[in-house]
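>>> please find the sequence and the predicted model below.
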Amino acid sequence: MKASPIPSMQDGPNAPAAVRRSLADTWDDPPGIRGFFAAINHKTIARRFMLATFVFFVLGGLIALAMRIQLAKPDLRLVDPDLYNQMFTLHGTTMMFLFAVPVMQAIATYLVPLMIGARSVAFSRMNAYAFWVFVLGGAFLYGSFLLGSASSAGWFSYVPLAGPDYSPGKGVDIWAQMITFTETAALLEAIVLITTIFKMRAPGMSLNRMPLFVWATLITQFMVLFAMPAVMLGSTSLILDRLVGTQFFNPARGGDALLWQHLFWFFGHPEVYLIFIPPLGMISAIIPTFARRTLFGYPAMVLALFATAFLAFGLWVHHMYATDIPQLGKSFFTAASLMIAVPSGIQIFCWLATLATGRLNFKTPLWFVLAFFVILVMGGMTGVMLGSVSLDLQVHDTYFVVAHLHYVLLGGAVFPLFGAFYYWFPKFTGRMLNETLGRWNFWLMFVGFNVAFFPMHLLGLQGMPRRIWTYAPDMGWEGMNLLATAGAWTLAAGILVFIVNVLRSRRHGALAGDNPWGAATLEWSMPSPPPPHNFDVMPVVHGRNPLWEPAGSPRWVAGLAANARQVLVTSVIDARPDSCPVFPSPSIWPFVSALATTALFIGSVYTPWAVVWGTIPTAIAMTIWFWPNRLNTQRAVFLERKP
Amino acid sequence: MHALEPAGVQASRIADLWHLTLLVCGGVFACVLAVLLVALLRSPRATAQTRPLVVNGDATEKRPTRAVIWATAVSTVLLVGLVVADVVTERALSRLPVANALHIEMIGHQWWWETRYAADGDRPAFTGANEVRIPVGRPVIVSLRSADVIHTFWVPSLHGKKDMIPGRPTTIEFRADTAGEFRGLCAEFCGEQHAMMAFSVKADTPEAFAAWADQQALPARDPLSADTPHSLAPSAPGSFPAARPASDPRLADTSRGLAVFLDRGCAQCHTIRGTGASGTLGPDLTHLASRPTLAAGTLPNNRGNLAGWIIDPNSLKPGAMMPINRLPPDELQALLGYLETLQ
């Protein structure tokens, strides 16, 4: 190679404006329609991802409102039972698979590189592919609902009800393939995030200096890697039973219906925690900022996250106490179910200590975190009750469980998530959300939530089973059901206020500036919203709270190319600089691959042969995706020779 | 409340554990909220510009460290206590003395219950549906089985749940200590009409129970005189024995009702012991009129509901497997008259 293909342009604190422009151009997504589908910048993908999950959240919520109307009075016949069963199946599936887990990954994809001082996520094309697969899978599921043939076997799809004999039609097939879709996306995202966190942290950000949100993300993604394969195995076995005639779950032919439950809950219970752990990280980011002090008990917090993740895999059987399983086993799972309250307790105590010894700045994000304390602790207490075998035998599969799981999931995830939106909205858009609307949003949601779900505890104890489409007037359940419906609508009004606030503030909100909350972590060191390349110069980290502690020396690492997608890779534990590889450029082929994959999966619902012929376009698209780009290779070779 | 109004020894043990757990958890919840409130009220206010407090190493913060350690220790001890209480309760639940127990088999169907009473002393085995009667003070062993998908047997006043999983027969044992009528229901989502799959449990004095069971074990009373016992084989459609000679006109009416039952296809799914009807897809109707409800707790058992049910089951319980039966009015009345005799 004689002439260098690129002029000498490097980043640095004193680099001229032209270099910064070049950096922005290099990392930005290409313009136009083609550019839209070729985008791979982690912030672009994450914004779309967040939007998509939020749309699914609203759709799932609208279905819930419809169900609450049906249950408002006894013996209502607004919807027939089959439609009702489709609705609660879709509600659960949406909230679990299309909202709760992916929204956490979406936010992490946006924030993690900013928080650890990186220009991108690792495998940015795979990140884009995962997003497209997810969106197409979700659209597929809703398509089947609009066509009136969605699954009505519940989001848990217990066999044999979900098997070929009792759920004819395509509903369960589409459901099972959608599971495989979203879990494929989740696995890929997990790999993207784990690699990013391990290998792309700013120099100096050793593991024990990582923000707790990044810790929470890292631990969650490892849980994804262990939990998701179980449910993918389950959904694949289910669809083989349905389409190919295998007998995994048919006891008459040597299968076992309980196998499904074990596979499903071995994923399903950790899933609760992989919904719940990222918000713990968000709270650990929000509390220090608004208590104006560093977090109390950082090492204890990290260990508690580990303990939670570990124990989360040891208690899936508490969903199955009513099945016929050995008693000693049940006692073991009781102990694990109850003991998981200890690490959660430690975190709550540490946050309380932080709040008690800090000086409080009462803004909307903090309000949502305070709601978390009330709601989640309540949900944790009912969780202790459900973990106990004998109590569970009475309240299992009743509205008590419905109340508990909404307390845990809304209190543990959705309320912190709304706090996180208020907190990081400036970093997403450059503008602040309105505080007054924020307070309305908060109180409507908080009051509505408790009015909607607290009565369900009592309904459960009165013997109201879950998943019923109507009930008789002489049961004595009317009053509290009506109350719950009113609460659900209030909660929805709160979310509507949020949507109004976002739409309004996106254009007319106050400009945020770099660091509107006076926070400590790296994402607040750059403009809001961040430029495509995130950091003009790669920062060097000297403590857990980079913006609050006096900067040490050196303050940055300069010298990365400004006109190639060059990144700094560091070592796993200590984050010592390691190498400077060049990342691939935007490409339309991850999108095309996702289309081909979708065609394969949808086709497979109608004929198993689609799995065979569907691999051909998928393989072609992926081959082109990975085909080495001549210009990129030249740049990489050049940069390796002249670092 | 159902689960907290125990009528048997197991349910009351669970209710005791419930009260203990509620006390402990409620106490912890109240403490956390109190600390939160104190922290919020006592901490000084700040703005985003307030200079942050940077604490390096928590060893410098003795008081909060001690508080967190104590709180963790106390909550761990409380949780261990609850685990122990749970294990103790569980063992007690599984050690109900079951000598001299009454044996019942319950089979869950989409969406009704088949109840089979085992032979008990001199009384032969018999089959019923959607209704369980048990004697007070005598342990009951219920064998659980499913005919199709997973159902769950649950009578909150007597015991917790037990799943009925295809391919995994199991049992549940309980004892009613007070007389009364309790509601039982299916707790596992089992398809379209999961909402309407209930049954009634009546705990009676041993004498009343024995009288009921002896009655249930009998075949249906034959509507004809004793000289034509159980001989009403299905005849060709349209050729009803409309005018069988009989001394009592009511007797003639019920015998015509039985003929309608046999000729209109009802017998393909339903059994009435003592007649030619021996279908097994639907509930055994031998003592239909003695049951409190129709269609697994869906409707009170009276003539009007029964008529509505026979004509169009799906309008009352969408998804029900029983087909529409558009009977001419006189046939319907005869059939109802007959069914009402099945005490």
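Alright, I've got the coordinates.

>>> check which element follows the lowest-mean-pLDDT helix or strand in chain B along the chain.
In chain B, the helix or strand scored least confidently by mean pLDDT, DSSP states H and E is helix B:249-263, which has a mean of 82. Using DSSP states H and E, the helix or strand that follows helix B:249-263 towards the C-terminus is strand B:293-294.

>>> state the pLDDT value of the residue most central in space within chain A.
Nearest to the mean C-alpha position of chain A, by C-alpha atoms, centre = their mean, lies A:Met104 at 2.4 Å. Per-residue pLDDT puts A:Met104 at 96.

>>> phi, psi of it?
Backbone dihedrals for A:Met104, given as degrees, to the nearest 10, come out at phi -70, psi -40.

>>> quick one: the helices in the stretch 101-250 of chain A?
A:101-116, A:124-146, A:171-199, A:212-243 (DSSP state H, counting those that start in this stretch).

>>> got those helices as JSON lines, with distance to A:Thr615 columns?
Heads up, the C-betas are built off the backbone N, CA and C, glycines and all. As requested, the helices of the stretch 101-250 of chain A are exported to JSON lines (distance: least, C-beta to C-beta, whole Å):
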{"stretch": "helix A:101-116", "distance to A:Thr615": "26"}
{"stretch": "helix A:124-146", "distance to A:Thr615": "15"}
{"stretch": "helix A:171-199", "distance to A:Thr615": "15"}
{"stretch": "helix A:212-243", "distance to A:Thr615": "16"}
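
>>> mean neighbour count, those: which tops it?
Most buried of those, by mean neighbour count (mean count of other C-beta atoms under 10 Å in any protein chain shown): helix A:101-116, with a mean of 26.

>>> what helices and strands are in contact with that helix?
helix A:42-72, helix A:171-199, helix A:212-243, helix A:257-291, helix A:415-429 (3 or more C-beta pairs under 8 Å, 6 or more residues apart in numbering or on different chains; DSSP states H and E).

>>> for the chain, give me the ranges with low pLDDT.
No chain specified, so I'll use chain A. Confidence mapping of chain A against pLDDT under 70 gives the ranges A:1-8, A:642-643.

>>> switch to chain B, that's the one I care about
In chain B (pLDDT under 70), the answer is B:1, B:57-59, B:224-251.

>>> sorry, back to before: counting neighbours, what do you get for the closest residue to the residue nearest to the centre of chain A other than its chain neighbours?
Closest residue to A:Met104 apart from its sequence neighbours, by C-beta to C-beta, 6 or more residues apart in numbering or on different chains: A:Pro278 at 4.0 Å. With neighbours defined by other C-beta atoms under 10 Å in any protein chain shown, the count for A:Pro278 comes to 27.

>>> mind checking how far A:Pro278 is from A:Val244?
In this view, A:Pro278 and A:Val244 are 37 Å apart by C-beta to C-beta, to the nearest Å.

>>> name the residues of the stretch 101-250 of chain B found near chain A, please.
B:110, B:148-150, B:152, B:154, B:156, B:159-163, B:165-168, B:170, B:183, B:185-195 (C-beta under 8 Å from any C-beta of the partner chain).

>>> now with 6 Å?
B:149-150, B:152, B:156, B:160-163, B:165-168, B:170, B:187, B:189, B:191-192, B:194-195 (C-beta under 6 Å from any C-beta of the partner chain).

>>> let's see which of these end up in helices.
Among those, none falls in helices (DSSP state H).

>>> tell me which of these fall in strands.
B:152, B:162-163, B:170 (DSSP state E).

>>> which residues of the stretch 1-150 of chain B fall in strands?
Secondary structure of the stretch 1-150 of chain B by DSSP state E, counting those that start in this stretch: the strands cover B:102-109, B:112-117, B:126-129, B:131-135, B:140-146.

>>> want to throw those strands into CSV with mean neighbour count?
CSV is the format used below for the strands of the stretch 1-150 of chain B (neighbours: other C-beta atoms under 10 Å in any protein chain shown):
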stretch, mean neighbour count
strand B:102-109, 20
strand B:112-117, 21
strand B:126-129, 22
strand B:131-135, 23
strand B:140-146, 21
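
>>> would you list the ones you listed in JSON lines and tack on distance to A:Ala512?
Conversion of these to JSON lines gives the following (distance: least, C-beta to C-beta, whole Å):
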{"stretch": "strand B:102-109", "distance to A:Ala512": "59"}
{"stretch": "strand B:112-117", "distance to A:Ala512": "63"}
{"stretch": "strand B:126-129", "distance to A:Ala512": "68"}
{"stretch": "strand B:131-135", "distance to A:Ala512": "66"}
{"stretch": "strand B:140-146", "distance to A:Ala512": "59"}
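
>>> okay, helices next: where are they in the stretch 251-400 of chain A?
Going by DSSP H, counting those that start in this stretch, the stretch 251-400 of chain A shows helices at A:257-291, A:298-312, A:327-339, A:341-357, A:364-387, A:389-395, A:399-409.

>>> most tightly packed of those?
The stretch of the helices of the stretch 251-400 of chain A with the highest mean neighbour count (mean count of other C-beta under 10 Å) is helix A:389-395, at a mean of 26.

>>> run the chain-centre distance for that one.
31 Å (C-alpha atoms, centre = their mean, to the nearest Å).

>>> tell me if that helix is near chain B.
Yes. Counting by C-beta under 6 Å from any C-beta, chain B has neighbours in helix A:389-395: A:389-391, A:393-394.

>>> between those, which is nearest chain B?
A:Leu393 (2.3 Å; C-beta to the nearest C-beta).

>>> tell me how far the closest residue to chain A within the stretch 201-343 of chain B lies from B:Met196.
Of all residues in the stretch 201-343 of chain B, B:Pro318 sits closest to chain A, at 5.3 Å by C-beta to the nearest C-beta. B:Pro318 sits 9 Å away from B:Met196, going by C-beta to C-beta.
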